[in-house]
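Novice: structure for the following, please:
(chains A, B, C and D)
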Protein chains: 2
Amino acid sequence: MNTQEFAGRSDPSGPVADIATVLQALADPVRLAMVRSLAGSVEPICCSSFQVPVTKSTLSHHFRVLRGAGLIEQRAEGTRKLTTLRRAEIDAAYPGLVETLVRAPLELPESLELDEAVRESELAAGALAG
Amino acid sequence: MNTQEFAGRSDPSGPVADIATVLQALADPVRLAMVRSLAGSVEPICCSSFQVPVTKSTLSHHFRVLRGAGLIEQRAEGTRKLTTLRRAEIDAAYPGLVETLVRAPLELPESLELDEAVRESELAAGALAG
DNA sequence: ACAATAGTTCGATGGCTGTCAAACAATGAA
DNA sequence: TTCATTGTTTGACAGCCATCGAACTATTGT
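Specialist: You can find the predicted model right below:
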């Protein structure tokens, strides 16, 4: 469970990790916000569209952790890298988990706000769910 | 989210904490095993019956974190302290979460098995005694 | 009263990890 | 080619936190 050194896997096509690894990946506020944002939009999200208050290197680190837990997939498109939540695989491994994360009211610790598009999609998802 | 210093609350009668705090509380392998064990038995569990490979002070620390997240309740009975999972409250706040934790197959990092640890220690004790 | 049991609290500590800046790699545009 | 954009990697660092031992409190039993 070392997120600093190469955490197990770089290929995201494998299975979702064990529950302990998944929980640890979700335990960070920034990563939780990223996952919630990914779950809110069906379209893959570009890396730089995450409006989290961290540098790109830190963001890359968080992506690696999420990838290592088998929670996301990334596909290069030009210089960009589109990220998608592996919703089907996660739901198959841990039914209802993503749903719980999305539905949970979340107070952001450090104005961990996302951009307006993401917020709108979250609102849309909430409207659909509600 | 500081688990070292006094983490918010000592009274466990309040609501379950926000999802970020809950996830961080569950992210530790020892605490996850404790919660899974608590979820497995309807009866409250005595503190010393957790066969996790940590000292009692560390165990006390983990109980405080779980209490701070609103996941457990503790009630003194003589010198003992019985611990119960706040299953109803957790289910109300995050439906299906405990179910996910219980159902998830868990590989233990350091033979962190509860019932098996008991069996193994008994076997070891028997082997030593016999 | 005395000892034993059950937990808590307090310091200290080592390892983990989230964070950043800088350097690097890859791709697309001028 | 040259520059701009995007993201990764590396090294360093600070803070958090799981862990322990020791001292302490509280309750029960002898």
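Novice: what sits against A:Lys56?
Specialist: A:Cys47, A:Ser48 (Cβ atoms under 8 Å, 6 or more residues apart in numbering or on different chains). In this view, the C-beta of every residue, glycine as well, is placed from N, C-alpha and C.
Novice: gap between it and DNA strand D?
Specialist: 4 Å (Cβ to the nearest atom of the strand, to the nearest Å).
Novice: now stretch A:35-47: buried residues?
Specialist: For stretch A:35-47, the neighbour count (16 or more other Cβ atoms under 10 Å in any protein chain shown) marks A:Val35, A:Arg36, A:Ser37, A:Leu38, A:Ala39, A:Gly40, A:Ser41, A:Pro44, A:Ile45 as buried.
Novice: skipping adjacent residues, who's closest to the last one in space?
Specialist: Ranked by Cβ to Cβ, 6 or more residues apart in numbering or on different chains and with sequence neighbours excluded, the top spatial neighbour of A:Ile45 is A:Thr83, at 5.4 Å.
Novice: quick check: residues of chain A near DNA strand D?
Specialist: Residues of chain A lying close to DNA strand D (Cβ under 7 Å from any atom of the strand) are A:46-48, A:56-57, A:59-61, A:63-64, A:74, A:79-81.
Novice: if we use 6 Å, what do you get?
Specialist: A:Cys46, A:Cys47, A:Ser48, A:Lys56, A:Ser57, A:Ser60, A:Phe63, A:Arg64, A:Thr79, A:Arg80, A:Lys81 (Cβ under 6 Å from any atom of the strand).
Novice: hmm, A:Thr83 and the second one touching each other?
Specialist: Yes: using Cβ atoms under 8 Å, A:Cys47 is in contact with A:Thr83, at 6.3 Å.
Novice: any shared contact partners between those two?
Specialist: Taking Cβ under 8 Å, 6+ apart as the contact definition, A:Cys47 and A:Thr83 share the neighbouring residues A:Phe63.
Novice: show me where pLDDT drops low in chain A?
Specialist: Across chain A, the ranges flagged by pLDDT under 70 are A:1-13, A:107-130.
Novice: ranges for the strands of it?
Specialist: Using DSSP state E, the strands of chain A run over A:45-46, A:72-77, A:80-85.
Novice: roughly how far does the residue nearest to A:Ile45 sit from A:Glu73?
Specialist: A:Thr83 sits 7 Å away from A:Glu73, going by Cβ to Cβ, to the nearest Å.
Novice: return the residues in contact with the residue nearest to the spatial centre of chain A.
Specialist: Geometric centre of chain A, nearest residue: A:Val35, 2.5 Å, by Cα atoms, centre = their mean. The contact partners of A:Val35, by Cβ under 8 Å, 6+ apart, come to A:Leu26, A:Leu66, A:Leu71, A:Ile72, A:Leu85, A:Val98, A:Leu101.
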